[in-house]
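Trainee: sequence-free structure coming up:
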Ligand SMILES: [Zn+2]
């Protein structure tokens, strides 16, 4: 093994140990070596049992918020750490390429990439889907389902000890939810066109790209754009792996933060929508099928590939999606008309 090989092995995968948050360590190490002009912020610091957990953002490219923008969000559900890891691995590669790739440097003069890689660090530390207070952030928004949501999974206010807890009535948004809402409003709402990709894992055998709504079976106002984006992806990458569908095709849910943000955007219901929130739901049941013992792991469960070669494959697998969405957000005028 050469020195380069051993370096690659130690830096490319994430080793999980109790009491440590390797994702946050890697993110903070990356923040230390960001290229000039990259903006980073500690948006909030959460405390849990006397320990501090920062929520960091990183923004690449033009400081002008009217420029087209892609947002990458990860770690909304603490158990689904592969989402944060995939974003961090992608950003590490991007930062390395920005050192020498002048085309890439220039591409950011009129484009922005804004990232919130670990929204729920306390949940991640605890190995839970919910945040430290037992609230499922993706059920926390003030959005009510139209029709009948499935019991529990559609969001419940019975107890934080059951999954999919929305928070107590009247409590408002959790700190992490508010951070996401403020960040997306500030960084995306003035943009000429923006796409947000929220990276999750844990549903089914396939990688899915979900578009709104979660709250209703009605089409959302951007449905025509989705049809065009779907066709663009198919033509550009005929062998792509994604099943693109409305989230409500799988289940209806109250409290989805992307439903909430979509309806908050001033242009969603007035003329042409220019904000498109998507969720990447990596099909993690395949990892379990190949490694059934991992379902017994309390901290990892069925939401995360344990084997390092499977982690690496996951990191590679979605790079072209991130790059495609960068270009699709930047050149929206060429495919939306
Ligand atoms: Zn999730």
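Mentor: Looks like it arrived, so ask away. All values derive from a computational prediction rather than experimental measurement. Numbering: from 1, shown residues only.
Trainee: helix or strand right after the helix or strand of the chain with the lowest mean pLDDT?
Mentor: Sorted by mean pLDDT, DSSP states H and E, the helices and strands of the chain end with helix 3-12, the least confident at a mean of 48. Using DSSP states H and E, the helix or strand that follows helix 3-12 in sequence is helix 22-32.
Trainee: got the contact list for whichever helix or strand comes after that next one?
Mentor: Under the assignment DSSP H and E, the closest C-terminal helix or strand after helix 22-32 is strand 39-48. Strand 39-48 is contacted by residues 31, 34, 52-59, 63, 116, 121-122, 125-126, 132, 175-176, 179, 182-183 when judged by Cβ atoms under 8 Å, 6 or more residues apart in numbering. Just so you know, the C-beta spots here come from the backbone N, C-alpha and C atoms, and that holds for glycine as well.
Trainee: next: stretch 231-250.
Mentor: With Cβ under 8 Å, 6+ apart, stretch 231-250 has contacts from 203, 206-217, 219-220, 226, 230, 253, 256, 279-280, 317, 320-321, 324, 328, 335.
Trainee: those, buried ones only, as a PyMOL selection?
Mentor: Listed next is the PyMOL selection for buried residues among those, using 16 or more other Cβ atoms under 10 Å:
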select buried, resi 203+207+208+209+210+211+212+213+214+215+216+220+226+253+256+279+280+321+324+328
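Trainee: what residue is smack in the middle of the chain?
Mentor: residue 198 (2.4 Å; Cα atoms, centre = their mean).
Trainee: element containing that residue?
Mentor: Here residue 198 is assigned to strand 194-201, by DSSP H and E.
Trainee: so does that strand get close to the ion?
Mentor: Yes. If you take Cβ under 5 Å from the ion as the test, strand 194-201 does meet the ion, through residue 200.
Trainee: quickly run through the sheet partners of that strand, with directions.
Mentor: strand 69-74 (parallel), strand 275-282 (parallel) (DSSP bridges).
Trainee: next, the buried residues of the shortest one.
Mentor: It refers to strand 69-74. 69-74.
Trainee: following it, which helix or strand comes up?
Mentor: Assignment by DSSP H and E places the next element after strand 69-74 at helix 81-98.
Trainee: quick one: buried residues of that next one?
Mentor: 81-92, 94-95, 98.
Trainee: now stretch 318-334
Mentor: Applying 16+ other Cβ under 10 Å to stretch 318-334 flags 318, 321-322, 324-330, 332 as buried.
Trainee: ok, stretch 220-230 next?
Mentor: Buried residues in stretch 220-230, counted by 16+ other Cβ under 10 Å: 220-222, 225-226, 228-229.
Trainee: who's in contact with that stretch?
Mentor: 211-213, 244, 246, 262, 268-269, 273, 275-276, 328, 335-336.
Trainee: could you give the bridge partners of whichever residue of the stretch 151-300 of the chain sits closest to the ion?
Mentor: At 3.3 Å from the ion, residue 200 is the closest residue in the stretch 151-300 of the chain, using Cβ to the ion. For residue 200, the residues forming beta bridges with it (DSSP bridges) are residue 281.
Trainee: check residue 194 too.
Mentor: With DSSP bridges as the rule, residue 194 is bridged to residue 69, residue 275.
Trainee: now the strand holding residue 198: average pLDDT?
Mentor: Averaging pLDDT along strand 194-201 yields 97.
Trainee: give the next helix or strand downstream of it.
Mentor: Taking DSSP H and E, what comes next after strand 194-201 is strand 208-211.
Trainee: can you tell if that following strand touches the ion?
Mentor: No. Judged by Cβ under 5 Å from the ion, strand 208-211 and the ion are separated, with a smallest distance of 10.5 Å.
Trainee: that strand pairs with which strands?
Mentor: With DSSP bridges as the test, strand 208-211 pairs up with strand 243-246 (parallel), strand 275-282 (antiparallel).
Trainee: which SS state does the closest residue to residue 211 other than its chain neighbours fall under?
Mentor: Leaving aside its chain neighbours, residue 211 sits nearest to residue 226 (5.0 Å; criterion: Cβ to Cβ, 6 or more residues apart in numbering). Recorded secondary structure, residue 226: helix (DSSP: H, G, I helix; E, B strand; the rest coil).
Trainee: give me the distance between residue 226 and residue 192.
Mentor: 19 Å (Cβ to Cβ, to the nearest Å).
Trainee: repeat for residue 322
Mentor: 20 Å.
Trainee: same thing with residue 47?
Mentor: In terms of Cβ to Cβ, residue 47 sits 38 Å off from residue 192.
Trainee: which of these two has more neighbours?
Mentor: Legend: neighbour count by other Cβ atoms under 10 Å for residue 47 and residue 192, higher for residue 192 (15 against 10).
Trainee: next up, the contacts around that one.
Mentor: Taking Cβ under 8 Å, 6+ apart as the test, what residue 192 contacts is 66-68, 274, 332.
Trainee: which among the residues you listed end up buried?
Mentor: Buried among these by 16+ other Cβ under 10 Å: 67-68, 274, 332.
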